[in-house]
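Visitor: can't give you the sequence, but here's the structure:
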Ligand SMILES: C[S@@+](CC[C@H](N)C(=O)[O-])C[C@H]1O[C@@H](n2cnc3c(N)ncnc32)[C@H](O)[C@@H]1O
């Protein structure tokens, strides 16, 4: 007779397996993965702990558990991620949106009046552009990315979140921003230095798009390119706001100051690490 796997037994086995493989939060990931395959929410999972799983369910779960054990990110396995309390589709073509990036959204909202024009550079999944569009009905929002595959995901996310009519997506290189006069330019650009690559977690290093992460020898290439273009792309009084790596605040402020941006500020994330640098352009 074959062994009976109840939901709780499988959850415990999967949690131990993930822990052995070095997965952060093994119990949470096991719950989210099983809930996804069984089409339950987490409460539903708890209410069904004693339910024996049928072979079809076990067959569907096994390969996903194996892939997570190989450190493939949970979000790619289940195809979605939450950001700004919205649901975003994610594929391996886009960076998985991080909670820390919500700080950049907060800082943009703090500077946005009733209407204006906003550019999100390196939009990826569209997390920043779509979130801001849901909050700023009077604004024209543009998301720019070099990756056509990422832009296809971003377009779907604008649609799913009800703002497709108000966000335009453009393929292009951040070294040549559209020559428009924006009130706000926001960006979470690639900012990992080449030397840091080997120290990244396997989830990031082996599965997220390299193009979304790496930015030259010191990780500062994109900040320099964005700052250089600020005077030709921002209205007087407009802001350039960027997410940064926690050791980059001083260097990014120097780059912004040299490009003529003023009123420089640094905003920490909720872990107390510098996370956003901003500067204002005045003609
Ligand atoms: C760190 S990810 C940010 C994605 C998304 N904005 C977020 O916060 O989750 C950086 C994005 O910049 C894009 N990118 C990389 N190099 C670029 C370039 N030269 N021009 C435009 N976009 C670029 C990548 O394709 C990627 O989507």
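Guide: The structure has been received and is ready for your questions. All values derive from a computational prediction rather than experimental measurement.
Visitor: that's a helix at residue 40, yeah?
Guide: No: assessed by DSSP: H, G, I helix; E, B strand; the rest coil, residue 40 does not belong to a helix; its assignment is coil.
Visitor: just checking, what packs against the lengthiest strand in the chain?
Guide: The single longest strand within the chain, with elements called by DSSP state E, is strand 234-243. The contact analysis (3 or more CB pairs under 8 Å, 6 or more residues apart in numbering; DSSP states H and E) places strand 234-243 against helix 102-110, strand 182-187, helix 221-233, strand 274-281. Just so you know, the C-beta spots here come from the backbone N, C-alpha and C atoms, and that holds for glycine as well.
Visitor: Can you list the strands that that strand pairs with?
Guide: Within its sheet, and counting by DSSP bridges, strand 234-243 is paired with strand 182-187 (parallel), strand 274-281 (antiparallel).
Visitor: ok, the spatially closest residue to residue 67 that is not a sequence neighbour - how many residues close by?
Guide: Residue nearest to residue 67 in three dimensions, not counting chain neighbours: residue 77, with 6.0 Å by CB to CB, 6 or more residues apart in numbering. Residues lying near residue 77 (other CB atoms under 10 Å) number 18.
Visitor: go on, residue 104?
Guide: Other residues near residue 104 come to 26 when the count uses other CB under 10 Å.
Visitor: per-residue pLDDT, it?
Guide: pLDDT for residue 104: 98.
Visitor: same deal with residue 269?
Guide: Per-residue pLDDT puts residue 269 at 96.
Visitor: Make 20 the starting number, not 1.
Guide: All right, first residue 20 from here; so that's residue 288.
Visitor: dump the residue contacts of the closest residue to it other than its chain neighbours.
Guide: Closest residue to residue 288 apart from its sequence neighbours, by CB to CB, 6+ apart: residue 294 at 3.8 Å. For residue 294, the contact set (CB atoms under 8 Å, 6 or more residues apart in numbering) comprises 119, 122, 123, 262, 263, 265, 286, 287, 288.
Visitor: Residue 199 and residue 138 touch, don't they?
Guide: Yes: if you go by CB atoms under 8 Å, residue 199 and residue 138 touch, sitting 7.3 Å apart.
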